[in-house]
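Sequence and predicted model, in that order:
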Amino acid sequence: MRKKRVLIIYTGGTIGMKKTEKGYSPVEGYLSEELKLTSDLLRSDFPEWELYEMSPLLDSSDVTVREWNEIGRVVYENYSHYDGFVVLHGTDTMAYTASALSFILDGLDKPVVLTGSQIPLSELRSDGRENLITSVIIASEGVAREVSLYFSGKLLRGNRATKMSADDLVAFDSPNLPHLADVGIEIKYNYSVLKKASGKPLVLRRFAETPIGVLKVFPGIQFGLFESIMTEKLSGIVLETFGAGNIPSSGGELLPIIRNAFAHGSVVVVCSQCPSGTVTLGAYETGFALKTAGAVSGADMTTEAAVTKLYYLFSLGLSTEQIKEKMEISLRGEMTEY
């Protein structure tokens, strides 16, 4: 029986960093040497794997649309040669990259698992060993045939995941969707949540460099200060509101800004600052006013998913109205449709 083959794509991030005089830093070739010292990866009953190291290696805070496209290209060009893929990535923006890849890889029918660690693989107490080993196994099994994120015993849908802690080993969760799998003695998949195969061939949907911004509402915010940027300068705006889509009563000055932005082709998406729950524009007067002004509901999407979905839709060359319509429809399982 042929052994399953997995391509490990290293982008940078804590898991493969080396301790230097200036702190931990990604160093070319260093992770390859560390993997050779990880005996479990060399066992005869472990899937075959190869390492692809991107250049330059980056701290995840430096990852941009360019890197999202490049990771997608590597998966796309190697798609027929491997049973699954593991993307090693820094934790700070891992959820953004996972969300982006779910849209870039249209028609995906193989596992693409993002993982990393809070402690470098070279350190004695690294959480990277278990995260890497389990991710490779999940990628080889071919059960979760979508973009996912694995961390500390939890397999999450990539575009539902968000980073919950900067220093806990259990760093990620998906507050609005059950885990795709929970890992203990066994890997227990949640088959009712897993995406079904689309039956379509894989298409690489590269993102264009689109100006997109995120504005977090806070008590006492002066919306007029943001009027100069909420125009045609921004194609997409993710507005992080209170609760189910509420803004302060002073938000009356925001509404004409949204109308003006919409008139210039911008799309304003309303998300909630609450990790769990959904935006319901119209449940309260302030939310209804946002909808009347032209904003669309992000429902229970994470900010990461809303941002990357905007990149995707603008890259397709759709009209403003088409983008607004599709922002409120689940395209990759990124939101719950009520």
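On my side now, so go ahead. Residues are numbered from 1 along each chain as shown.

where do the helices sit along the stretch 151-300 of the chain?
With DSSP state H, counting those that start in this stretch as the criterion, the stretch 151-300 of the chain has helices at 254-263, 285-293.

Among the ones you listed, which one carries the weakest average confidence?
Confidence, taken as mean pLDDT, is least for helix 285-293 of these (a mean of 78).

tell me what the lowest-mean-pLDDT helix or strand in the chain is packed against?
None of the helices or strands of the chain scores lower by mean pLDDT, DSSP states H and E than helix 285-293, at a mean of 78. Contact here means 3 or more Cβ pairs under 8 Å, 6 or more residues apart in numbering; DSSP states H and E; on that basis helix 285-293 packs against strand 236-241, helix 254-263, strand 267-272. No exception for glycine: its C-beta is placed from N, CA and C like everyone else's.

cutoff 10 Å now
Applying 3 or more Cβ pairs under 10 Å, 6 or more residues apart in numbering; DSSP states H and E, we find helix 285-293 packed against strand 236-241, helix 254-263, strand 267-272, strand 296-297.

Kindly present these as CSV, with separate columns for mean neighbour count.
CSV is the format used below for the helices and strands packed on helix 285-293 (neighbours: other Cβ atoms under 10 Å):
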stretch, mean neighbour count
strand 236-241, 24
helix 254-263, 19
strand 267-272, 26
strand 296-297, 22
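
Now distance to residue 135 too, for these, in TSV please.
Formatted as TSV, the helices and strands packed on helix 285-293 follow (distance: least, Cβ to Cβ, whole Å):
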stretch	distance to residue 135
strand 236-241	29
helix 254-263	41
strand 267-272	28
strand 296-297	33
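
Report the distance from stretch 88-99 to the chain centre.
6 Å (Cα atoms, centre = their mean, to the nearest Å).

That one spans what distance, first to last residue?
For stretch 88-99, the first-to-last residue distance is 15 Å (Cα to Cα, to the nearest Å).

cool, and stretch 183-202?
Stretch 183-202 has an end-to-end distance of 29 Å (Cα to Cα).

who does the closest residue to residue 273 other than its chain neighbours bridge with?
With sequence-adjacent residues excluded and distances taken as Cβ to Cβ, 6 or more residues apart in numbering, residue 273 is closest to residue 240, at 5.0 Å. In this structure, residue 240 bridges to residue 216, residue 271 when assessed by DSSP bridges.

Quick check: the gap between residue 240 and residue 253.
Here the criterion is Cβ to Cβ, to the nearest Å. By it, residue 240 lies 18 Å from residue 253.

coming back round to it: ok, and for the least confident helix or strand of the chain, which residues are buried?
286-287, 289-291, 293 (16 or more other Cβ atoms under 10 Å).
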